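S.K.: predicted coordinates and the sequence they were generated for:
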Amino acid sequence: MKNTNLILRALLFAGLTLCASSVVHAVETEPTVDRILAKLTESMRSSNYRGIFTFEHGGSLETMEVSHWVLDGIEYERYLLLNGPEQTLLRSGRRSDCESLAGRMLRGATLSASDGKAFHFDEYYHAYFRGYERVAGRNVAIVQLVPKDNLRYGLSLAVDVESGVLLKALVMSSKKVLERMQFVAFENEPAFTEEELADIRIEKASERACRTPLAGGDASKPAASFDWQPAWVPLGFTLASSSHTEKDGEVHTFTDGLSSFSVFANSSLVPENPNIERIPRGVAQRGATLVLMDVRRIGEQFLHVTLVGEIPEYSAVRILQSIEKLPGKAEQAPGSVEQAQ
């Protein structure tokens, strides 16, 4: 489980890397933060690269090898854990021209909540260009993103000047660095051999259609087929996806463009005559990732609720406490997820 979580965090690094990229060709020309944030999303999904990066959190240090390439407009990725038990993850099939909701937000899109209020990325983060450094022997531009509230974490991003790929990311609370992901070796546009491609390509991927953000970024509520939702999320967090599985129950994922969290609501985990001591509850944190589980009684029904994401515990507790049952279809009216001010 530990190694699986590490690979998932690596995927987040590649997809938190949904964050910024400035194809700046001369270090003498100072880029703007907007330009960096607008370009990184494109570079992370369209560039070919490979390298080795480290993931540091809570005194632990893990190392992983990553390869990323685009073939015929389709992305392929391979992650190999280099310490501990050998573990490899292959991922393919996403079109390189797809853009996520987080990418749109970082690119500067203005999104609207269901109450008609429009909000923009800079409403909840201060963004600063901090100059240049070197990471993995390469020149990088440093962008610092400082939250305007205590409901989310800050980040420091080191973006490769030549390629626009994210080479280092620090996730920070107001008091300390929670986790650090950093390339120690990086090769831009490598010449992959056929043998290497055969190792990391599962098969010719079927093209997956680009996913359209729910209701154009509307943070109001999931589709009518769902029963539960949080009534409160921090300002700027937008509903990115909703799903339902027998194992997890309802899952709703929110993002503000940099951070994300998923809320799980499952009534089937609680028996009709609940012995709630047997139901998993509690809180755990690994780096910036928090897992919070609880049992809530809503009316006459018991509900097992879980939040997994990169937000402070205070925010997670408030989100889970706000979960409520959606009104029935007959009485359902357009509502809105309350936004923290």
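M.R.: That came through fine.
S.K.: how close does residue 91 sit to residue 311?
M.R.: The gap separating residue 91 from residue 311 is 25 Å, by C-beta to C-beta, to the nearest Å. Where you see a C-beta, it was placed from the backbone N, CA and C, and this is true even at glycine.
S.K.: residue 288: what's it in contact with?
M.R.: The contact partners of residue 288, by C-beta atoms under 8 Å, 6 or more residues apart in numbering, come to 57, 153, 171, 178-179, 310.
S.K.: got the phi and psi for it?
M.R.: phi -90, psi -10 (degrees, to the nearest 10).
S.K.: do residue 151 as well
M.R.: Residue 151 adopts backbone torsions of phi -100, psi 0, taken as degrees, to the nearest 10.
S.K.: can you count the residues close to the closest residue to it other than its chain neighbours?
M.R.: Spatial nearest neighbour of residue 151, excluding adjacent residues (C-beta to C-beta, 6 or more residues apart in numbering): residue 234 at 3.9 Å. Neighbourhood size, residue 234 [other C-beta atoms under 10 Å]: 23.
S.K.: tell me who's in contact with residue 139.
M.R.: Contacts for residue 139 (C-beta under 8 Å, 6+ apart) come out as 27, 132-133, 160-162.
S.K.: go again using 10 Å as the cut-off
M.R.: Taking C-beta atoms under 10 Å, 6 or more residues apart in numbering, we find residue 139 in contact with 24, 27, 132-133, 158-162, 167.
S.K.: quick check: it is in a helix.
M.R.: No - counting by DSSP: H, G, I helix; E, B strand; the rest coil, residue 139 falls outside a helix, being strand.
S.K.: how confident was the prediction at it?
M.R.: Predicted confidence (pLDDT) for residue 139: 96.
S.K.: so the residue nearest to residue 151 makes contact with residue 260?
M.R.: No - taking contacts as C-beta atoms under 10 Å, residue 234 lies outside contact range of residue 260: 11.8 Å.
S.K.: now list whatever residues contact both of the two.
M.R.: 254, 311.
S.K.: confirm residue 190 sits in a strand?
M.R.: No - Residue 190: not assigned to a strand; according to three-state DSSP it is coil.
S.K.: lowest-scoring secondary structure element of the chain by mean pLDDT?
M.R.: strand 111-112 (a mean of 46; mean pLDDT, DSSP states H and E).
S.K.: how does this structure divide into domains?
M.R.: The chain breaks down into these domains under automatic domain parsing: 2-200, 214-339.
S.K.: ok so, going back, now the contacts of residue 288 as a markdown table including neighbour count and pLDDT?
M.R.: Output for the contacts of residue 288, formatted as a markdown table (neighbours: other C-beta atoms under 10 Å; pLDDT from 0 to 100):
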| residue | neighbour count | pLDDT |
| --- | --- | --- |
| 57 | 20 | 87 |
| 153 | 21 | 95 |
| 171 | 22 | 93 |
| 178 | 22 | 94 |
| 179 | 22 | 94 |
| 310 | 22 | 93 |
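S.K.: what's the farthest-apart pair in those residues?
M.R.: With C-beta to C-beta as the measure, no two of those lie farther apart than 57 and 153, at 12.8 Å.
S.K.: how about low-confidence regions in the stretch 201-341 of the chain?
M.R.: For the stretch 201-341 of the chain, the stretches flagged by pLDDT under 70 are 201-224, 271-279, 328-341.
S.K.: now the helix or strand hosting residue 40: mean pLDDT?
M.R.: Per DSSP states H and E, residue 40 falls inside helix 33-46. Averaged over helix 33-46, pLDDT sits at 78.
S.K.: could you do stretch 186-200 as well?
M.R.: For stretch 186-200, the per-residue pLDDT averages 84.
S.K.: mind listing what's buried in it?
M.R.: Neighbour-count burial for stretch 186-200, with 16 or more other C-beta atoms under 10 Å as criterion, is recorded at 186-188, 192, 200.
S.K.: next up, the contacts around residue 247.
M.R.: Residue 247 makes contact with 264, 266, 268-269 under the criterion C-beta under 10 Å, 6+ apart.
S.K.: correction: the previous question concerned residue 249.
M.R.: 226-228, 243, 264-269, 303-306.
S.K.: for residue 155, which residues count as its bridge partners?
M.R.: Applying DSSP bridges to residue 155 gives these bridge partners: residue 145, residue 171.
S.K.: and it, how many neighbours?
M.R.: 22.
S.K.: and for residue 263?
M.R.: 25.
S.K.: same check on residue 175?
M.R.: Neighbour count for residue 175, taken as other C-beta under 10 Å: 6.
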